[in-house]
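J.: Predicted model follows, preceded by the sequence.
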Amino acid sequence: MSWFTRKQPSLTPDSEEGERKVKTEGLWLKCEGCGQVIWRKGLEENLWLCEKCGYHFKVDAVTRLKQLFDDGDFTEHDAALVSTDPLGFADSKPYGRRLTENRASTGLPDAVICATGRILGRPVEACAMELKFVGGSMGAVVGEKITRAIERAIVARSPVVIVSASGGARMQEGAISLMQMAKVSSALMRLDEAKLPYISILTDPTTGGVTASYAMLGDLNIAEPGALIGFAGPRVIEQAIRQKLPAGFQRSEFLLQHGFLDAVVKRPDLRQYLAQSFDFFCGKYA
């Protein structure tokens with residue numbers, strides 16, 4: 001009679017079925033551009049680009065710096081700086097708890113990593129924003145770390161690269177956050193007076209106060225394909241002007257066509273593009 005008895009599968013974590021689910025989880029990702037299911041390892045080897053449609057997946061700040069610098073090597077600066085809660089702010093949760101949770105989930109102290117490394121041999125100061133940390137928002141620590149990176153570049157006579165991925169100024173820090181727009185812009189003016197180049201790389205998304213300040217102040221403003229770039233979102237603009245926006249509005253290709261960007265550069269071409277730009281501004285690196 002045991003032939004006709006269906007054996008119930010074990011639901012314990014030690015079961016073969018449970019192990020199989022754990023081992024395969026997250027190995028495949030779906031492309032948001034074309035819907036293709038892609039092997040995660042293949043994506044990593046292809047700089048997180050879809051081989052079928054060229055869609056640029058979002059990447060974290062550490063991955064971004066490893067992709068930019070020679071051999072993925074860099075030296076991080078000011079990693080000990082962390083945001084406080086100057087206003088005692090609370091929305092759906094207290095700001096202090098939100099910071100703690102984001103530090104735990106991302107492993108980062110705040111929404112930007114600033115580092116020194118080399119791009120095709122040339123020393124460069126680079127800052128990469130982390131979208132997963134409170135939406136990549138710009139607070140006091142983000143402004144301070146970027147300002148310090150610019151000051152290091154002036155001393156070392158190095159170019160500056162900032163990779164933006166942000167929802168804008170961090171509302172939980174109020175006017176303190178808004179002050180960072182002027183603070184970083186002033187530092188970039190000193191960099192300009194020192195005749196050193198700054199290249200701004202805008203990725204998906206770059207919005208709000210970041211777009212209204214350092215993201216658009218580069219000697220070259222370049223973007224990845226398909227990146228959403230703007231101050232307010234398309235839905236807010238449509239509600240304000242009561243008109244339907246054109247297709248592709250606020251995407252990098254649309255902005256390039258209308259003179260808002262200098263170039264749209266695919267990820268595999270980015271390092272070479274930066275190196276050639278530095279040669280143009282600074283001369284060949286010996």
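T.: Received, thanks.

J.: from here on, contacts and neighbour counts on C-alpha atoms
T.: Will do.

J.: mind listing what the nearest residue to residue 112 once chain neighbours are set aside touches?
T.: If the residues on either side of it in the chain are set aside, residue 112 comes closest to residue 129, at 4.2 Å by CA to CA, 6 or more residues apart in numbering. Applying CA atoms under 8 Å, 6 or more residues apart in numbering, we find residue 129 in contact with 61, 111-113, 136, 163-166.

J.: okay, among those residues, which ones form the most distant pair?
T.: 113 and 166 (13.2 Å; CA to CA).

J.: shared neighbours of those two, which are they?
T.: 129-130.

J.: so where is this protein shaky, pLDDT-wise?
T.: Along the chain, the parts satisfying pLDDT under 70 run over 1-25.

J.: partners of residue 114 in the sheet?
T.: With DSSP bridges as the criterion, residue 114 is bridged to residue 77, residue 127.

J.: That one reaches residue 149, doesn't it?
T.: Yes: with contact defined as CA atoms under 8 Å, residue 114 reaches residue 149; the gap is 6.5 Å.

J.: what do these two both touch?
T.: By CA under 8 Å, 6+ apart, residue 114 and residue 149 have these common neighbours: 125-127.

J.: picking up where we left off before, tell me the most packed of the contacts of residue 129, by neighbour count.
T.: Highest neighbour count within the contacts of residue 129, by other CA atoms under 10 Å: residue 165, with 33 neighbours.

J.: what are the pairing partners of the helix or strand hosting that one, and which direction each?
T.: Using DSSP states H and E, the element containing residue 165 is strand 160-166. Applying DSSP bridges, strand 160-166 is found paired with strand 122-129 (parallel), strand 198-206 (parallel).

J.: Next, the angle from whichever helix or strand comes after that strand to strand 160-166.
T.: Per DSSP H and E, strand 160-166 leads on to helix 174-193 as the next helix or strand towards the C-terminus. Angle, helix 174-193 to strand 160-166, by axes from the mean of the first three to the mean of the last three CA atoms, to 10 degrees: 150 degrees.

J.: Could you measure from the residue sitting nearest the centre point of the chain over to residue 248?
T.: The residue lying closest to the centre of the chain (CA atoms, centre = their mean) is residue 165, at 3.5 Å. Residue 165 sits 19 Å away from residue 248, going by CA to CA, to the nearest Å.
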